[in-house]
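[1] Next come a sequence and a model predicted from it.
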Amino acid sequence: MRTTLFFALSLIVACDGGEAKDSDSNAVDDSGGGGTDCVEENGACILSGTYTEDMTLTADKNWLLRSRVQIGDDTNPVTLTIEPGTTIYGEGASTGMLVIARSAKINAVGTASAPIVFTSDQAVGSRARGQWGGLVINGRAPINACADGTPDCEAEGEGGMGKYGGSDDTDNSGTLKYVRIEFGGIEVSPDNEINGLSLQAVGSGTTIDYIQVHQNLDDGIEWWGGSVDVKHVLITGVGDDGLDWDFGYHGRVQYAVVHQAGDVGNNALEGDNNPDVYDASPTSAPTFSHLTLIGSTTIPEDNFGILARRGTAGQFWNVAAMDFTVGCLAIRDQETFDHYTAGDSAFAHARFACAQTFEEDAAETETVTEDEVFADGTDNQVVSDLKLGSTDFASPNYQPGAGSPLLVGGGTPTNPFFDQVTYIGAFDGTTDWTAGWTTHALN
Amino acid sequence: MKLLLCTLAWAQETGETIPSPTPPPTTEPAGSPAGAPSPAEVPADAPPRLLEGATPTWPPAALLQRVAGKVVLQLKIDTGGAVTEALVVTSLREDVDAAAVEAAKRLRFAPAIVGGIPTEGMVNYGFVFTPPPVAPTQGAVQFRIVDADDLELPGAAVRLTGPDGSSVLLPVGDNGLVDASGLDPGAWTGVAERDGFQPAGFSFNVSAGQLQEATIPLLPNTAPDDEVLVIGVRQRWAEVEAPLAERREATVVAEVISATQMSRTGDSDAASAMKRVTGLTVVGGRYVYVRGLGDRYSLTLLNGSTLPSPEPEKRVVPLDLFPTALLDGVRVEKGVTADRPAEFGGGIVELRTRNLPEEPLFQVGISGAWTGGTTLQKAAMAPGGPTDFLTYGAAARSLPAALSTTQEAVRPQGIFSEAGYSAAELEELGEAVSNRWDTTERTMLPDLGLQVVAGRSWTLGGATLGALGALSYNNAWDHEVGSRSVYSLDGDELTLKRETDFEEFSNPVRLAGVLALGASWGEREILSTTLFNRSSLSSTVLWQANDPTGSGDSQNTRTSWEERQLLFQQLSTHQLVGPLWLDARYAYSLATRQEPDRREYSYLITEEGEFLSQKGSWNEILYGGLKDQNHDIGLDLGLPLKMPHGEGNIKVGGQLVMRDRGSSSRRFSYEFRGSDGIDLSLPIGQVLTPEYIGAESEGDTGYLQLIEYTSNSDDYQAKQLMGAAYLMSELPLLERWKLQGGLRMESSNQSVRTFEQFDTSKTPVQAELDTLDFLPSLSTTFALGKSVEAEELLLRLGYGRTLSRPEFRELSEVPYYDYRTGRTYIGNPDLQRALIDSFDLRLEWYPRPSEAWSVGVFAKIFQDPIESVVEVSAVSGSVGSFANAKGATNLGAEVELRQYLDPLHEALAGLYVAGNASFIWSQVDLGELEGNQTSSTRPLQGQSPYVVNGQIGYDLEATGTGITTVYNVFGPRIIEVGSSGIPDSYELPVHRLDLMISQELPAGFRINLKASNLLDWPSRQRTGSAISEESREGWSAGLGLRWDAPKKE
């Protein structure tokens, strides 16, 4: 079945600055009620411990996350508001990180010119991956970690990241807009580094738009179940996977770039259902559209553009991928392939430019292959070159250049979440939605 | 009688020499009257005149004891010439006298003639007993019967049973000695008995022409007749039978294994020896599971005192720390008595150190072993230190001074923080850590064992002093190759998620010593026992993780050094205070564990080759330390009670245990701050060099930085204070029915405090548990057989309530990472102690002192058992926790036998079979705790449905040869509880066969040949229908030589 192509006006949301809500000046409430006074130390306001009343972080101060800072106590509605232009530093010495507990909300709405930045507390020039924690949001949407169908399955995050999971698919954990998370991903428990943005059972009531994770040691964004939709994502130079999902994530993502640095990185996309029980329900079934995935052949690690495995379903529309060492696409496990046969999963309008398009695995036992999945989809093509502006890590230009196979030929899922556009990859050739609020600094 | 003698003027002495009767007394001995008067023809008055002689039958005892001498009888002879009366005039020995009297009745005389008329008359007649020369095929033994203080005991008797099944009772002389000679070669058994003492069984082998000596100590009855000297006596176990006797005398179901048995099976440490005990399994070579209950349900005592543990998250004492050379025996009590600590579920394992010697003792031994696939192969080991071979290796691996003195975590200083280190300081610290990354090849030498034991005792005035020291040293190499698989569920099918091929090289070294000093005078005894045990384990694990569904394969290396030490000092005294006896003991013990400089790193396997992983935690340096100390004071007071059917007693006592544990660790890793310009395919030792540690300039995008990852839960302190008091009584209600009951009160306060090493301002997280329990116990023993004889049939019935408290960290809600299991655990502050009601019924039969048969059943009902549960976690693997399950039930049956085969056929003398088997049904009802676990009901973790041990032995005493073959197997047991629908993982049965041959050599030498693990059965784990782990350790063959200083006297 061929998808009808819609030509529609591209909405340039990047210019929509009016939405940034000017916060009242109740920046960290001095009354001591529930927020905290600015406990100043060497020019920063120290945040530490658990906050159980609403609070606001203002752009006029430097905020320092000391150790694990938690908003909410898992039961009471508490809102953390962050003003546009605010910088929040994660203290490296104490493994600073921010956790939004269930029932709590984060309201971090920056603008293209005044993004909200979570970053390392090291001096510019000495920054590197893994210097602080990351941002963790816990919600009450369903997860399939219980595998046995326990209703309202709950799970315990490692490294004291709190409980997540529940039954509210439309749970609202707040809004993240024009937010940058960089140089984080420190280890929080042995063998377990933290992702830039951890979305644990976050529900579809949550809004996430214009988000960059840069130089994180672990994954860029990881979804554990949940249903939150995300738009305008830039993942640059993360140490592990760009976008990672498991335990039943079934939200939607439009416009995402994963750009690997030359030194380290695993897969641009990596998805599982339940990693132990491949048919656990609800099934991981995200829909991605308009992705630009840029690998690096110099990384001393095998990497894929997309690795779908362990029973995940998924729709992949308009994916442009290039330069992954061992394959633009790898699909593993019979349960994963079954979703393609059954029509739950599909590729459409893919443009792959890798030296080796599909994973070559002599030991594969599945009854279907990547080639078949790719061929059975809609308008999927292997191309020799995506012809992007520049894939230089420090100063990229992700726009498809003249003659790029990405400028036309795309299609869009018919869900109202998706902007109906006709190009392939995350850019239309002219409008750069990453302009202004993102970074490509190496350190 | 004298009068009579005098009045009979013509009384003459006549007699007969009794020469060599051959042992089957049915054969009439040849004999001729010697010096018989020549019969006078007629008329004159004449005394009775012998017509027909008779030969007395040698009493077997007298024959064995080679009694020699003359019995003179005064005979009354009637007018018909018959002997109507025989009175002993000169006695030799009761049994010989009786034989003489019996023979005299068979004499025929011509009657005395007085005045030509046959008249009733009297005559003295003597029988001369001369034992036959001992046949060269026979042997002799001199027994010395002594009391606990090694003083000879008169008035005892020894019953010996020969290879032909006939038995003889030998009285013991006033000097406590009894000789037995002319013994037919073969296996003999015996039992020594005396009023007021417990019968002591023993066995020995007679070999031709040999004279042996044996000392048989007798223990007073638990309720002795007049004097009270009960607890003050420590057991001496020289032979197999003594443990059986001890078991027989125990008031509860107990198993005893002696040093002799341990040396017979060739086990070098207590853990491996425990495999031979009914119902016991050993897990991980360290922990004993009694009746299949996990290590949490075992309690280890050393000479009656509690011990601390060097294990990181456990209180269980690892038994591999104790070399058998230091031990006199191990007693496993499965029943409950009020005078023992109640914190156990399966049983109490009591280790006993060697006793003070009765005679000067000096023994040295050396042994070596060759292991197939290991010895002389190459091992990849991290560089060590010069004293590693003595177990002292921590100094060579200690944290560099620059790091050990840091007051805060080694992390970069932030722009707003005072905490942390500058880039330059981090570079300096990073370069201070020694570059011990790369392994070098070392040859794995044959195993070596050395042991020295020396001791003696002195008499000083009225006191006896004794001293014994033992030292033992073992240095071995292990090499294991195997693979491990992790599965996930692809639909209904298990599919391989990750496969790991591993190779492990390890070098366990053990150094241990014991020093016992004792003094006894009058009815007092004071004993000091010092035990010093060290063990080190240097190991390297290489594993290649093949990750078919994951993101890549990797080649990993871990090198580690573990050093454990246990220091134990006990003072104990046993004495009489008026009518009471008093037993007091105090022990201080300190267990430590150090794991300095454990390193781990990983290379990613790519299509381009292998490259060092850049994720921080993929290279790791860990320093761990633990200290656990224990004070244990115990006091028992007993009052004997006179009862119509024997002695009973009432006993009261108390115990106070103070436990103090601290654990600390630090963890570091080198982090890549970019890897530009670094060749990651180089060996790690060439990457982690000063060249790459630290940035060359600002903006450097290729360097390494040392970062500390010590977590906030790596440090904790825990305490326990346990106080107990008890009252118990043992009452012989009927002649063959003993009843014992008691009540124990135990109160405990335990707490654990988790704190941050570098941030003392943070309030530590404290968790506490107070318990107060009253724990009843009741047991009864019926003697169904003849209790005086060695043959005994006993029926035991027992009930007891015990408890199980949470381990320290199980109570704390602070998540902690267990470096050994690689899993994060979150404790549960709501945990309660579990109660266990145990019921035992057992029938025991002791056909001969060295033989036993038993069959028993038991039930254990658990209330609120503490089970580990799996919390749902969507990060790496599952998070473990602990909770009280609703309940659990264990039902079991045990059978055991130890039997010599000579009753079947004479030719089988010296051959014995021994074996035991346990069958256990176990079920935990997790109720609502099931969580993410696959099974809601399952056997307890580690519970085997069956455990079987078998032994066939042959003792050829004639040539000094002993052969023992040992077999054992355990049934499949859960090694890991499955979650998320993945089935539970079972450890599959491992059949093991060991062979020991021991040969006596001249001049006190003895040589041992040991062949272990002859079947080399693979150790396997099964998940569902798939094998998830398989490895082999290889067979080994060893040779040992021992020399015992010849005994003086």
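    Arrived safely, thanks for sending. No experiment lies behind these values; they were computed from the predicted model shown.
[2] is it true that B:Val71 touches B:Asn124?
    No - here B:Val71 does not reach B:Asn124: they are 11.0 Å apart, not a contact under Cβ atoms under 8 Å. C-beta here means a position set from N, CA and C on the backbone, and glycine is covered the same way.
[3] which residue ranges form the strands in the stretch 601-750 of chain B?
    Secondary structure of the stretch 601-750 of chain B by DSSP state E, counting those that start in this stretch: the strands cover B:609-612, B:619-643, B:646-675, B:702-708, B:715-734, B:737-755.
[4] Residue of chain B nearest chain A, please.
    B:Gly414 (3.0 Å; Cβ to the nearest Cβ).
[5] hang on, that residue is in a helix, isn't it?
    No - under DSSP: H, G, I helix; E, B strand; the rest coil, B:Gly414 falls outside any helix and is assigned coil.
[6] What's the local residue count around the nearest residue to it once chain neighbours are set aside?
    Leaving aside its chain neighbours, B:Gly414 sits nearest to A:Asp121 (3.0 Å; criterion: Cβ to Cβ, 6 or more residues apart in numbering or on different chains). Using other Cβ atoms under 10 Å in any protein chain shown, A:Asp121 has 28 neighbouring residues.
[7] and what of B:Tyr986?
    21.
[8] A:Asp169 now?
    Residues lying near A:Asp169 (other Cβ under 10 Å) number 20.
[9] Which one's more surrounded, B:Val71 and B:Asn124?
    Between B:Val71 and B:Asn124, counting by other Cβ under 10 Å, B:Val71 is the more crowded of the two (27 against 20).
[10] Next one: that one, what pLDDT does it get?
    For B:Val71, the pLDDT comes out at 85.
[11] Could you look up the SS state of it?
    strand.
[12] Nearest residue to it in space, please, no chain neighbours.
    B:Val71's closest residue in space is B:Ala100 (Cβ to Cβ, 6+ apart), at 4.0 Å.
[13] Surely the one you found is in contact with B:Gln74?
    No - B:Ala100 is not in contact with B:Gln74 according to Cβ under 8 Å; the separation is 11.6 Å.
[14] what's near enough to touch residue 291?
    Using chain A here. A:253, A:255-258, A:268-269, A:316, A:318-321, A:425-426 (Cβ atoms under 8 Å, 6 or more residues apart in numbering or on different chains).
[15] wrong one, chain B
    B:Gly279, B:Leu280, B:Lys334, B:Gly346, B:Gly347, B:Phe858, B:Lys860, B:Asn890, B:Gly892, B:Ser918, B:Ile920 are the contacts of B:Arg291 under Cβ under 8 Å, 6+ apart.
[16] that older thread, mind putting the strands of the stretch 601-750 of chain B into TSV with mean pLDDT?
    TSV is the format used below for these (pLDDT from 0 to 100):
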stretch	mean pLDDT
strand B:609-612	92
strand B:619-643	92
strand B:646-675	91
strand B:702-708	92
strand B:715-734	92
strand B:737-755	92
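[17] Can you confirm whether stretch A:227-243 lies near chain B?
    Yes - applying Cβ under 8 Å from any Cβ of the partner chain, one finds stretch A:227-243 in contact with chain B at A:Gly239, A:Asp240, A:Asp241.
[18] Give the burial count for the first one, as a bare number.
    In other words, A:Gly239. 25.
[19] Leaving out chain neighbours, which residue sits closest to residue 177?
    Here I'm looking at chain A. A:Lys177's closest residue in space is A:Val109 (Cβ to Cβ, 6+ apart), at 4.5 Å.
[20] think we crossed wires, I meant chain B
    In space, B:Leu177 is closest to B:Arg144, 5.7 Å off (Cβ to Cβ, 6+ apart).
[21] mind checking the SS state of the residue nearest to the spatial centre of chain B?
    Computing the C-alpha centroid of chain B and ranking residues by Cα atoms, centre = their mean puts B:Val330 first, at 3.1 Å. Three-state call for B:Val330 (three-state DSSP): strand.
[22] B:Gly292 and B:Val966, how far apart?
    Applying Cβ to Cβ, to the nearest Å, the value for B:Gly292 to B:Val966 is 20 Å.
[23] who has more neighbours, those two?
    Legend: neighbour count by other Cβ under 10 Å for B:Gly292 and B:Val966, higher for B:Gly292 (29 against 23).
[24] mind listing the helices for chain A?
    A:334-341, A:370-376 (DSSP state H).
[25] Now do the buried residues in the longest one.
    Okay, so that is helix A:334-341. Within helix A:334-341, the residues scored as buried using 16 or more other Cβ atoms under 10 Å in any protein chain shown are A:Gln334, A:Glu335, A:Thr336, A:Phe337, A:Asp338, A:His339, A:Tyr340.
[26] can you narrow those to ones near chain B?
    A:Gln334, A:Glu335.
[27] Make CSV out of the buried residues of helix A:334-341 and add pLDDT.
    What follows is the buried residues of helix A:334-341, written out as CSV (pLDDT from 0 to 100):
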residue, pLDDT
A:Gln334, 90
A:Glu335, 91
A:Thr336, 94
A:Phe337, 94
A:Asp338, 94
A:His339, 96
A:Tyr340, 95
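[28] so what's the residue of the stretch 201-350 of chain A found nearest chain B closest to, chain neighbours aside?
    Taking Cβ to the nearest Cβ, chain B has its nearest neighbour within the stretch 201-350 of chain A at A:Pro300, 3.5 Å off. Spatial nearest neighbour of A:Pro300, excluding adjacent residues (Cβ to Cβ, 6+ apart): B:Phe611 at 3.5 Å.
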